[in-house]
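1. turn this into a structure:
(2 chains)
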There are 2 protein chains.
Amino acid sequence: MLGSMQSKQLLISSIIEFAEKNHPKTEVVSNTTEGGIHRYTYADAAKRSRQMANALTNLGVKLGDRIATLAWNGYRHFELYYGISGLGAVMHTINPRLFPEQVDYIVNHAEDSYIFVDLTFVPLVEALADKIPTVKGVIILTDEEHMPETSLSGKVKVMCYETLIAGESTEFDWPEFDENTAACLCYTSGTTGNPKGVLYSHRSTIIHAYAANQPDVLGLSALDVVLPVVPMFHVNAWGNAYICPMAGAKLVFPGAHLDGESIQKLMESEKVTFSAGVPTIWLGLLQYLRSSGKRIDTVKRLVIGGSACPRAIIEGFRMEYGAVVDHAWGMTELSPLGTFNRPKAGMENLTDEEYIDLSMKQGRGMFGIDMRIIDDEGNELPWDGVAFGTLQVRGPWVCESYFKGEGGQVIDENNWFSTGDVSKIDPDGYMIITDRTKDVIKSGGEWISSIDLENVAVGHDAIQEAAVIGITHKKWDERPLLVCVKNEGAEVSKEDMLAYMDGKIAKWWMPDDVVFVNELPHTATGKLSKLHLREKFEDYTLPTDK
Amino acid sequence: MLGSMQSKQLLISSIIEFAEKNHPKTEVVSNTTEGGIHRYTYADAAKRSRQMANALTNLGVKLGDRIATLAWNGYRHFELYYGISGLGAVMHTINPRLFPEQVDYIVNHAEDSYIFVDLTFVPLVEALADKIPTVKGVIILTDEEHMPETSLSGKVKVMCYETLIAGESTEFDWPEFDENTAACLCYTSGTTGNPKGVLYSHRSTIIHAYAANQPDVLGLSALDVVLPVVPMFHVNAWGNAYICPMAGAKLVFPGAHLDGESIQKLMESEKVTFSAGVPTIWLGLLQYLRSSGKRIDTVKRLVIGGSACPRAIIEGFRMEYGAVVDHAWGMTELSPLGTFNRPKAGMENLTDEEYIDLSMKQGRGMFGIDMRIIDDEGNELPWDGVAFGTLQVRGPWVCESYFKGEGGQVIDENNWFSTGDVSKIDPDGYMIITDRTKDVIKSGGEWISSIDLENVAVGHDAIQEAAVIGITHKKWDERPLLVCVKNEGAEVSKEDMLAYMDGKIAKWWMPDDVVFVNELPHTATGKLSKLHLREKFEDYTLPTDK
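-> As a prediction, the model looks like this:
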């Protein structure tokens, strides 16, 4: 027997319609690419989104067509979020930090028909112009006055965003369609192989937004002023571009200005209460605040995700600036939020120190996400804060497969998706990332966390950076090799390092060898590249294996 | 093109599973029918829900079967919320405050196969025993020690709740099925005709829970301690029975003890932070607090709904007890929440007085509910705080039809459901109930709010209670008649009343006549019965109509 409730489909267009009706005067403020601050309201944004939907319709864009954006966080990008998806087309946000050959690959893989591009990224598109045959036109996110000279002219149709929508009606009836219709496409920048696309649906996006705005997750209200530093070109700014209009929160877009000084200035002038971004952004802001003596007194909460946050950042913001830092964990395949760190029953009276200890964990589950950790044989491991294994998740905003089936089957028969992270979960349900699946060292059937070893090694005064990789071993399958970069002028031996680590880790976790190098390989985004390190040590033989 | 996200269905069983995994140690505390406080955890509740699912399966209960409950807010009722719906059966919560003939009617209309009943309500079932042939058994919500002597024995199978589940396994694999499957059934106690059933689905229930726990609605976190005074036998305790385990909030059930003293005691001993109920409950609590000198210092927020809340209650709790009172509006057909009153951008620095003014309104829209007001011809009216008309809503947790099609078509071709309320909406989107559709007076094509007139009339010192109804009028179709009950010993004439009202309302709203009576008719639940008043004045002729 079915219930007798309305079968209203969950569609992205309903968000901007809701904001227009219920929060028409609430502001959207943008630091622009052209220079200066732009401000308007949700009512304006809704009107211009409908103008964009009319413009796209006139360009021949239909349900399912992929339309790319290469843009910072700003009001025009925001309008595209609704104009493109609202129409039933697929908004493909491109991460401009990818290597050019990856951008070229994903535009072709997605078969994008139009690209909307910020002034900053026009040169990037110019460099690709000859290699992206599906693209019929490029629309530059500016007005006529700021239109650049571009070598794109003659190769593809080049249009000006403001001119494109200027003559369009502000009326547009958003179409109704199946909520499982594709809405956005975001490629993961996997360290191996080609990027793979995650194709979000309207349903997954709305359910994620509801879940991600529960009080113990982002928890935004209509009194909040939100500055999403996390880019709209990567996993929809962690949902902020949907959640803010849904909650009636004022939005403040930083554009290309992500340095500490610009962020502080915007936070102060717009009375920002909440912001979200990756650790490097917060480190930059913290350093600027300390050196300038400036304050961010309206800011109550900062969300950190993307990678594990150093304790000093959490501590600095909390103790010096009164801003609570919440740790989040997620990934592109999860829309992106999976866990969020907020206290729970029994933690009513944590001291600052205890709160910061708690904040170092990646957080507890959000309702809607089912998670578990498993060992090599697929056995579920206990949530005891000790056992660690592959982290798996499933739920209505978890990816079922990649776009066009790339990578084949990615979930098991019970819908479990392996995240590629290795973690433990404590008895209170807080998840702690221990390693990446491909980096963990499998020694005699047991796992050793490379990250735990690195954290201990960098505690030594003489060590600037450290990496641990597994080296093939006849008896144990793999054993850990510690690779270190010394601080300039520092002297330290293999024996010193092992003596230092002794007692800080389990005996059988002790590296079988220590090697000193001048530098460690890094990825384009500045992360340690264990892939390249492993290649470098491919033929290495451990002294214990001779 | 469809997205490639998981098609995980939204099912009620996932809530209790989530709470067990993520908040196993969080408490559920109940003031019991047998006497004394019972306390256990979400882990216990989950286990016993699965035992109940096994027990129901053994009783032959299948997907779609209706199982009734007649119970207070308590842990066994909570287990049934998950045991029954989780299995795919339909939990039919019966409001014991209905007239016995209505209970008889709805049990037969629902074709309930089993009834779970609290000790308090056993006599109610005994009185109906001969008239409910579909009922195969009655399960009394207690243990063997407290089982009563009952005349039900011999008529139907009588079982003891604790005995029923005692031998059952705590393992049960909750079935997966279409999220549109019926989950709960709740009858509206409409003033005319038979009660009509609203049949909630798993989908509508989960989406409502996500939406109703946004920060600007109930906004519950895992640090909250929630005392739902609003009954689980009526519209699922406004979603609290789902939202609390979803948020990991501690639950405190008051059982049958709804007087001010019991509520205060429970709030203090369990450190309650949040509660929800109807105005009469809060009036009782406020009176008790004032007379006893007791406090409720842990309580931060109270939600009031069910009917418009007097200003004195909002003011009293805020100014004397530091508890913010949030006004909510909803109805059975809306699962039930539709609007919720929280401040928004531009209201950052309201004074207490301004906040209380705001709180008198029924609230602004929740994301997911689309609302509008229309005039007699179906034209949409502006949100200007002046125009008032029929309030209509639509959305994924709004009823599409009543159970078994009772009442025929209840939504229009665009899914708009007429709420039966007449309201205005201010430019900030706050909705204000002005009247009921059937009570508003239609004078020469324009509407006059009976409630506005009553509010003015009761402002007169001599008046105890007032009601305004429309009387047929040859020229104007309808004109208002004011019917008053005087305070004991007070003297007041028709002319006095009209003179008092003059200047306080528009000239053309002035009642055409004033009549004094000894008492006004009321419904079983204590509300003014305009239906009976209209019957009484059916043949009345206004002096202006002679």
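2. hey, what's the closest residue to chain B within the stretch 101-250 of chain A bridged with?
-> Residue nearest to chain B within the stretch 101-250 of chain A: A:S201 (2.7 Å; Cβ to the nearest Cβ). Glycine gets a C-beta too; all of them are placed from N, C-alpha and C. A:S201 forms beta bridges with A:A182, as assigned by DSSP bridges.
3. burial count for it?
-> 28 (other Cβ atoms under 10 Å in any protein chain shown).
4. I figured it hits A:A183, correct?
-> Yes: contact criterion Cβ atoms under 8 Å: A:S201 and A:A183 qualify, at 5.9 Å.
5. joint contacts of those two?
-> B:G3 (Cβ atoms under 8 Å, 6 or more residues apart in numbering or on different chains).
6. one step back: OK, contacts around the residue of the stretch 101-250 of chain A closest to chain B?
-> By Cβ under 8 Å, 6+ apart, A:S201 lies in contact with A:E179, A:N180, A:T181, A:A182, A:A183, B:L2, B:G3, B:S4, B:M5.
7. hmm, which two among the residues you listed are most spread apart?
-> For the contacts of A:S201, the farthest-apart pair by Cβ to Cβ is A:E179 and B:S4; their separation is 14.1 Å.
8. gap between the residue of the stretch 301-450 of chain A found nearest chain B and A:Y430?
-> Residue of the stretch 301-450 of chain A nearest chain B, by Cβ to the nearest Cβ: A:K344 (3.7 Å). Distance from A:K344 to A:Y430, counting by Cβ to Cβ, to the nearest Å: 9 Å.
9. shared neighbours, these two?
-> Common neighbours of A:K344 and A:Y430 (Cβ under 8 Å, 6+ apart) are A:R364.
10. for the stretch 51-200 of chain A, which residues are neighbours of chain B?
-> Counting by Cβ under 8 Å from any Cβ of the partner chain, the stretch 51-200 of chain A comes close to chain B at A:L63, A:G64, A:V90, A:D178, A:N180, A:T181, A:A182, A:A183, A:V198, A:L199, A:Y200.
11. the second one: neighbour count?
-> The local packing count at A:G64 equals 12, with neighbours defined by other Cβ under 10 Å.
12. likewise for the one 4 residues further on?
-> One way to gauge burial is a neighbour count; for A:A68, by other Cβ under 10 Å, it gives 29.
13. now the helices for the stretch 251-400 of chain A?
-> A:260-270, A:279-292, A:311-321, A:352-359 (DSSP state H, counting those that start in this stretch).
14. let's have these in JSON lines, adding mean pLDDT, mean neighbour count and distance to chain B.
-> Output for the helices of the stretch 251-400 of chain A, formatted as JSON lines (pLDDT from 0 to 100; neighbours: other Cβ atoms under 10 Å in any protein chain shown; distance: least, Cβ to the nearest Cβ, whole Å):
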{"stretch": "helix A:260-270", "mean pLDDT": "98", "mean neighbour count": "19", "distance to chain B": "12"}
{"stretch": "helix A:279-292", "mean pLDDT": "94", "mean neighbour count": "18", "distance to chain B": "23"}
{"stretch": "helix A:311-321", "mean pLDDT": "94", "mean neighbour count": "17", "distance to chain B": "17"}
{"stretch": "helix A:352-359", "mean pLDDT": "95", "mean neighbour count": "15", "distance to chain B": "12"}
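15. tell me which of the ones you listed sits nearest to B:V517.
-> helix A:260-270 (59.8 Å).
16. quick one: residues contacting the residue of the stretch 301-450 of chain A closest to chain B.
-> By Cβ under 8 Å, 6+ apart, the neighbours of A:K344 are A:D216, A:R364, A:D428, A:G429, B:H23, B:T26, B:A222, B:L223, B:G248.
17. with A:M431 instead?
-> A:W329, A:T339, A:K361, A:Q362, A:G363, A:R364, A:G365, A:M371, A:L391, A:S423, A:K424, A:I425.
18. list just the nearest of these to B:E270.
-> In terms of Cβ to Cβ, no member of these lies closer to B:E270 than A:R364, at 23.0 Å.
19. ok, A:L285 touching A:G260?
-> Yes: with contact defined as Cβ under 8 Å, A:L285 counts as touching A:G260 (4.4 Å).
20. state the pair within the contacts of A:K344 that is farthest apart.
-> A:G429 and B:L223 (14.5 Å).
21. with neighbour numbers in mind, choose between these two.
-> Higher neighbour count among A:G429 and B:L223: A:G429, with 22 against 19, using other Cβ under 10 Å.
22. tell me the pLDDT at the more buried one?
-> Note for A:G429: predicted pLDDT of 97.
23. tell me the SS of A:A211?
-> State at A:A211, reduced to three classes by DSSP: H, G, I helix; E, B strand; the rest coil: helix.
24. and it, how many neighbours?
-> With other Cβ under 10 Å as criterion, A:A211 counts 24.
25. next up, the contacts around it.
-> A:A211 touches A:V217, A:L337, A:M366, A:F367, A:G368, A:I369, A:W397, B:Y210, counting by Cβ under 8 Å, 6+ apart.
26. and for A:I106?
-> Applying Cβ under 8 Å, 6+ apart to A:I106 gives the contacts A:H92, A:I94, A:L98, A:Y187, A:P195, A:G197.
27. what do you get if the cut-off is 10 Å, keeping everything else the same?
-> Counting by Cβ atoms under 10 Å, 6 or more residues apart in numbering or on different chains, A:I106 makes contact with A:68, A:92, A:94-95, A:98, A:112, A:132, A:185-187, A:189, A:194-197, A:403.
28. can you get me a residue count around A:G489?
-> 6.
29. correction: the previous question concerned A:V122.
-> Residues lying near A:V122 (other Cβ under 10 Å) number 22.
30. before we move on, the earlier item: so which of the contacts of A:I106 sit within strands?
-> Within the contacts of A:I106, residues falling in strands by DSSP state E are A:A68, A:H92, A:L185, A:C186, A:Y187, A:K196, A:G197.
31. restricted to buried residues, select the residues of the stretch 51-200 of chain A next to chain B in ChimeraX.
-> Only the buried entries of those go into this ChimeraX selection, using 16 or more other Cβ atoms under 10 Å in any protein chain shown:
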select /A:90,180,181,182,183,198,199,200
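32. so can I have a markdown table of the residues of the stretch 51-200 of chain A next to chain B showing pLDDT and distance to A:V138?
-> Below are those laid out as a markdown table (pLDDT from 0 to 100; distance: Cβ to Cβ, whole Å):
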| residue | pLDDT | distance to A:V138 |
| --- | --- | --- |
| A:L63 | 96 | 22 |
| A:G64 | 97 | 21 |
| A:V90 | 98 | 18 |
| A:D178 | 98 | 31 |
| A:N180 | 98 | 30 |
| A:T181 | 98 | 26 |
| A:A182 | 98 | 22 |
| A:A183 | 98 | 22 |
| A:V198 | 97 | 24 |
| A:L199 | 98 | 23 |
| A:Y200 | 98 | 24 |
